[in-house]
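>>> what follows is a predicted protein model with its sequence.
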Number of protein chains: 2
Amino acid sequence: MQHSLSEIQEVVLSQVRPKPADRTRIEKTSTAIITRVEKLASEHGLHLQAMLVGSAARGTWLSGDHDLDIFLAVPPEEDLAAALDIARIAAQDYEEKYAEHAYIHARMDGFEVDLVPCYLVDDAAHLKSAVDRTPFHTRYLSRKITGKEDDVLLLKQFMKGVNVYGSELKVGGFSGYLTELLVLCYGSFVEVLQAASSWRPGKRLDLEGHGAGKHSDPLIVIDPVDPKRNVAAALTLDKMLQFAVAARSFLAGPKLDFFFPQPLPPLSDEELIAELDCRATMPILLEFSAPDVVEDVLYPQLRKAESSIKALLERNGFCLLRSDVSTYRDRAVMLFEMQVWQLSKASRREGPPAWEAEHTARFLAAHPSPLSGPYICDGKMVVEEARQYTSARELLSCQIENLSLGKHLCASIREGHNIYVGQELLGIKDDGFRSFLAHYFCAKLHIG
Amino acid sequence: MQHSLSEIQEVVLSQVRPKPADRTRIEKTSTAIITRVEKLASEHGLHLQAMLVGSAARGTWLSGDHDLDIFLAVPPEEDLAAALDIARIAAQDYEEKYAEHAYIHARMDGFEVDLVPCYLVDDAAHLKSAVDRTPFHTRYLSRKITGKEDDVLLLKQFMKGVNVYGSELKVGGFSGYLTELLVLCYGSFVEVLQAASSWRPGKRLDLEGHGAGKHSDPLIVIDPVDPKRNVAAALTLDKMLQFAVAARSFLAGPKLDFFFPQPLPPLSDEELIAELDCRATMPILLEFSAPDVVEDVLYPQLRKAESSIKALLERNGFCLLRSDVSTYRDRAVMLFEMQVWQLSKASRREGPPAWEAEHTARFLAAHPSPLSGPYICDGKMVVEEARQYTSARELLSCQIENLSLGKHLCASIREGHNIYVGQELLGIKDDGFRSFLAHYFCAKLHIG
């Protein structure tokens, strides 16, 4: 069914706009927490100012999202540990987490609440810690975003739908703050899409016209409260362009589906067999216990290991179609889909130009008994020798422990790992894994 | 057994230096032919001057070589056809051959005699045909080479032994005239080897210091009788360097074997199976009837076809180790030895940068239903689609008739061809073919 752009926006807003009752509940809950925290602080003789920050503070959270970010600001001469103590007492049943500093995560009144200690600084140029910037963001936006909350909600849901929302390293997409700045910059949801349609790498936006310093990121959005910072630093080139392509496609043919795509069900055995059959590639899966670290630590290590293994395979003459990494339950996996996984025993080793007498002599001494050669081809010395590894699986299984992988991964893989090849993948029945495979094999942009 | 350089030279010369009896026989035979031809010409009222040219004229032919080149020179205003008629009558039992012009090949008194009509010109700058230059070469060398015949013989035999002798296109090596110029230029056999040891591509020699015009050949030896001509134009880079490497190796460790290498016997079935086993490559052989043309026409076409087929295979994702061409009896073969001969069905097609809206739209329209994608990778649109050919044999057998090959080859291949893969090569029992395979698999430079 064909809908107009404004019909679609209305349908989306009816689903993602927070209900009045939710707003009331958020206000009540956050006020209660703030009051309690400040009271506790004053009882402990600590000067502390608590404040609700983030989308909940500005009415720009997506309905169904129940995260509250409450910052506990202390003067720069105080210790953050004192604020953390207050948070512990206030939260009672909590989990202690760690980003740049420790913070407290708790469930309170049905909300997921983060209590984050920070310093109360008078100027964003004098930050003592990265989180100190957040109150400045809240202050900057709350004055300007009023009246544009719907546009922010539409943009966030669109980005969720086309899979570019979230600045965590696993995703590499757009942060909530960045979406709000884009709406401020261009004026409305549709105007953001129109502008993004013609974005190129290196696009630069500077709302306050105060940007300082060089950035080589694909998208540069100067932080209105900090001229040296690029708000879009975590956004990858591919996610930026994925958004641009989706924006073009949506404007050319608006569909509700961009906001709420059909979920991909996990791959069944039959579907997996059918995929392997029609692709006739050779998937090689490395599976091991996921190290117990947060995703922002784990994913960069997984991506780096993925690159190292790709390089190992290609250096040895094998050829990849594509690769990806994922986690499910307590497991981590890296998938390498091969176009070429079996090679001849004989391989070609190119040496120096034959007129370089010394290099040639060293090359010949290093290859005393080749299968064929030495001969000269296009002016270069060449020998043909036996390859050490003729199968990609064998190479990976023999060399995996010799690669220099990230600290946590390295330990995990040494403790134990499995290699699954081809139809052996059928042995892993986990829905999370099969869902990863479903997305891997589809790998389709949202272009309507 | 270790021999000194001079001992080795003596042994070689004792085998390749023409015997006094041979010299007498050559002189007698050639004088008889010349007399007969000039008499016949005069009877037919043709002004004709016959002369012995080439190595036989200068005592620089290798013992056992029984070729006599006798040129029949007529004044520029005469017709070469008249000289050819005289040659026909003189030869009686002959074969008519064709290089730039027609000539007569006959067996006379146990010699292979070429009777070659040419023009008698007064200056090598006023040639009417390429063969007219030869008498100038004979005249130039006969005055200078005297006393250095042994060095020429050593150099020729060395070049034969290390497989770089012969300027025909099948070989692309050194001509007899070129070897004599090298001896003149450097002084002796050993001095030629010493100089060649440090040759680099672009090496230029100009005995008369009169060279004119640019040459981009690997070795440039200006013809003493023609300042615009490079005597080494037919020498390939690889044959030049093969000689340089052999020269270095020989000087570092002189061995008789450089001059008289062990002949490689044709490969037996068992040896062929063993080679295929330990290389574990996939040889693909294209076999067809050799077109009935001289080797100087056939080999360039074979090499060009070899390149076209290599390009076809590589363009489609397959990977070669090496290839070669050959002829035996009335057959021609091209051998392609594959490192990768089987590929996945799914392949990757890279499109334009995702920010180029129009190119992207065209790319997407051209690939409406890929196996996976479209997705964005490193900024580019990518789709994964089914390959047309997943096996190298299938590709070759379906596409061979669509390649634009040389005129003669194209006709031959269309008339009929066979493709042999892997152990199917065992089906060809011909000794000439098995000898080609023996050399192909060994492919070893003469480096002692």
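Done, it's in. As the structure is a computational prediction, the values presented were derived from the model and not from experiment.

>>> for the residue in the stretch 1-150 of chain A positioned nearest to chain B, which non-adjacent residue is closest in space?
Proximity of the stretch 1-150 of chain A to chain B (Cβ to the nearest Cβ) peaks at residue A:5, 19.2 Å away. Quick note: C-beta positions are derived from backbone N, CA and C, even for glycine. Spatial nearest neighbour of residue A:5, chain neighbours left out: residue A:254 (4.8 Å); criterion: Cβ to Cβ, 6 or more residues apart in numbering or on different chains.

>>> coming back round to it: just give the number of residues close to the residue of the stretch 1-150 of chain A closest to chain B.
For residue A:5, the count of nearby residues is 13 (other Cβ atoms under 10 Å in any protein chain shown).

>>> now residue A:117
25.

>>> for it, phi and psi?
Dihedral angles of residue A:117 (phi, psi; degrees, to the nearest 10) stand at phi -70, psi 140.

>>> likewise for residue A:30?
According to degrees, to the nearest 10, residue A:30 has phi -70, psi -40.

>>> go on, residue A:233?
phi -60, psi -30.

>>> thinking again about what came up before, mind listing what the residue nearest to residue A:5 touches?
A:3, A:4, A:5, A:8 (Cβ atoms under 8 Å, 6 or more residues apart in numbering or on different chains).

>>> three-state assignment of the last one?
Okay, so that is residue A:8. Secondary structure assignment for residue A:8 (DSSP: H, G, I helix; E, B strand; the rest coil): helix.

>>> okay, which residue is most central for chain A?
residue A:171 (2.1 Å; Cα atoms, centre = their mean).

>>> tell me the contacts of that one?
A:164, A:165, A:239.

>>> from those, which single one is nearest residue B:354?
residue A:239 (11.1 Å; Cβ to Cβ).

>>> got a pLDDT number for residue A:448?
Model confidence at residue A:448, given as pLDDT, is 61.

>>> only C-alpha atoms, please: export stretch A:368-377 in CSV.
Output in CSV follows, covering the C-alpha atoms of stretch A:368-377 (Å, rounded to 0.1, in the frame of the first residue of the first chain):
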residue,chain,number,x,y,z
PRO,A,368,68.2,-24.7,-3.3
SER,A,369,65.7,-27.4,-4.5
PRO,A,370,62.5,-26.0,-6.0
LEU,A,371,59.9,-28.1,-7.8
SER,A,372,60.7,-26.2,-11.0
GLY,A,373,63.1,-23.5,-11.9
PRO,A,374,64.9,-21.3,-11.2
TYR,A,375,63.8,-19.7,-14.5
ILE,A,376,63.5,-16.1,-15.7
CYS,A,377,60.0,-14.6,-16.4
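
>>> near chain B at all, that stretch?
Yes - Stretch A:368-377 reaches chain B (Cβ under 8 Å from any Cβ of the partner chain) through A:371, A:372, A:373, A:374, A:375, A:376, A:377.

>>> got the buried residues for that stretch?
A:370, A:371, A:372, A:373, A:374, A:375, A:376, A:377 (16 or more other Cβ atoms under 10 Å in any protein chain shown).

>>> before we move on, what about stretch A:227-247?
A:227, A:229-247.

>>> can you give me the end-to-end span of it?
28 Å (Cα to Cα, to the nearest Å).

>>> what about it, average pLDDT?
pLDDT averaged over stretch A:227-247 gives 96.

>>> isn't residue A:205 up against residue A:221?
Yes - using Cβ atoms under 8 Å, residue A:205 is in contact with residue A:221, at 4.7 Å.

>>> who's more crowded, the two?
For residue A:205 and residue A:221, the more surrounded residue by other Cβ under 10 Å is residue A:221, and the numbers stand at 26 against 20.

>>> what's the overlap in contacts for residue A:205 and residue A:221?
A:181, A:182, A:185.

>>> the first one sits in which helix or strand?
Secondary structure assignment for residue A:181, by DSSP states H and E: helix A:176-186.

>>> moving C-terminal of that helix, what's the next helix or strand?
helix A:189-196.

>>> can you name the element that comes right after that following helix?
That would be, after helix A:189-196 and using DSSP H and E, strand A:203-205.

>>> for that next one, packing partners?
Strand A:203-205 is packed against helix A:176-186, strand A:219-223, with contacts defined by 3 or more Cβ pairs under 8 Å, 6 or more residues apart in numbering or on different chains; DSSP states H and E.

>>> show me what whichever helix or strand comes after the shortest one is packed against.
I take that to be strand A:219-223. On the C-terminal side of strand A:219-223, the nearest following helix or strand under DSSP H and E is strand A:226-230. Helices and strands touching strand A:226-230, by 3+ Cβ pairs under 8 Å, 6+ apart, are strand A:219-223.

>>> tell me which entries of the contacts of residue A:254 lie within helices.
A:5, A:8 (DSSP state H).

>>> tell me the buried residues in the lowest-mean-pLDDT helix or strand in chain A?
Counting by mean pLDDT, DSSP states H and E, chain A has its least confident helix or strand at strand A:94-98, which shows a mean of 85. Residues of strand A:94-98 classed as buried: residue A:94 (neighbour count, 16+ other Cβ under 10 Å).

>>> quick check, residue A:383 in a strand?
Yes - counting by three-state DSSP, one finds residue A:383 located in a strand.

>>> measure it to residue A:267 for me?
Distance, residue A:383 to residue A:267, by Cβ to Cβ, to the nearest Å: 46 Å.

>>> now residue A:433
To residue A:267, residue A:433 is 9 Å away according to Cβ to Cβ.

>>> thought residue A:50 was touching residue A:32?
No - between residue A:50 and residue A:32 there is no contact under Cβ under 8 Å: 11.1 Å.

>>> quick one: which of the two has more around it?
Neighbours per residue, other Cβ under 10 Å: of residue A:50 and residue A:32, the larger number sits with residue A:50, 23 against 12.

>>> and that one, what element?
Going by DSSP H and E, residue A:50 is in strand A:49-53.

>>> what does that strand rub up against?
Outside strand A:49-53, the residues within contact range by Cβ under 8 Å, 6+ apart are A:30, A:33-34, A:37-38, A:41, A:57, A:68-74, A:120, A:134-135, A:137-138.

>>> check the offset of that strand from the chain's centre.
28 Å (Cα atoms, centre = their mean, to the nearest Å).

>>> name the nearest residue to whichever residue of the stretch 101-250 of chain A sits closest to chain B, sequence neighbours excluded.
Nearest to chain B, among the residues of the stretch 101-250 of chain A, is residue A:241, at 4.0 Å (Cβ to the nearest Cβ). Nearest residue to residue A:241 in three dimensions, chain neighbours excluded: residue B:354, at 4.0 Å (Cβ to Cβ, 6+ apart).

>>> surely the one you found and residue A:239 touch.
No - Residue B:354 lies out of contact with residue A:239 (Cβ under 8 Å); the separation is 11.1 Å.

>>> from the contact counts, what lies against the helix or strand containing residue A:41?
Using DSSP H and E, residue A:41 maps to helix A:20-43. When contacts are defined as 3+ Cβ pairs under 8 Å, 6+ apart, helix A:20-43 packs onto strand A:49-53, strand A:67-74, helix A:80-91, strand A:111-119.

>>> redo that, cut-off 7 Å
Packing partners of helix A:20-43 (3 or more Cβ pairs under 7 Å, 6 or more residues apart in numbering or on different chains; DSSP states H and E): strand A:49-53, strand A:67-74, helix A:80-91.

>>> what does it contact?
Contact with helix A:20-43 is made by A:48, A:50, A:52, A:56, A:59, A:63, A:68, A:70, A:72, A:86, A:89-90, A:108-109, A:111, A:113, as judged by Cβ atoms under 7 Å, 6 or more residues apart in numbering or on different chains.

>>> and if you look at stretch A:210-220?
A:201-204, A:222, A:227-228, A:230, A:232-233, A:235, A:237, A:240.

>>> do stretch A:440-448 as well
So stretch A:440-448 is in contact with A:161-162, A:242, A:245-246, A:249-250, A:253, A:255, A:258, A:261, A:264, A:275, A:324, A:335, B:364, B:372-376, going by Cβ under 7 Å, 6+ apart.

>>> if you set the cut-off to 6 Å instead, what comes out?
By Cβ atoms under 6 Å, 6 or more residues apart in numbering or on different chains, the surrounding residues in contact with stretch A:440-448 are A:162, A:245-246, A:249, A:253, A:255, A:258, A:275, A:324, B:372-375.
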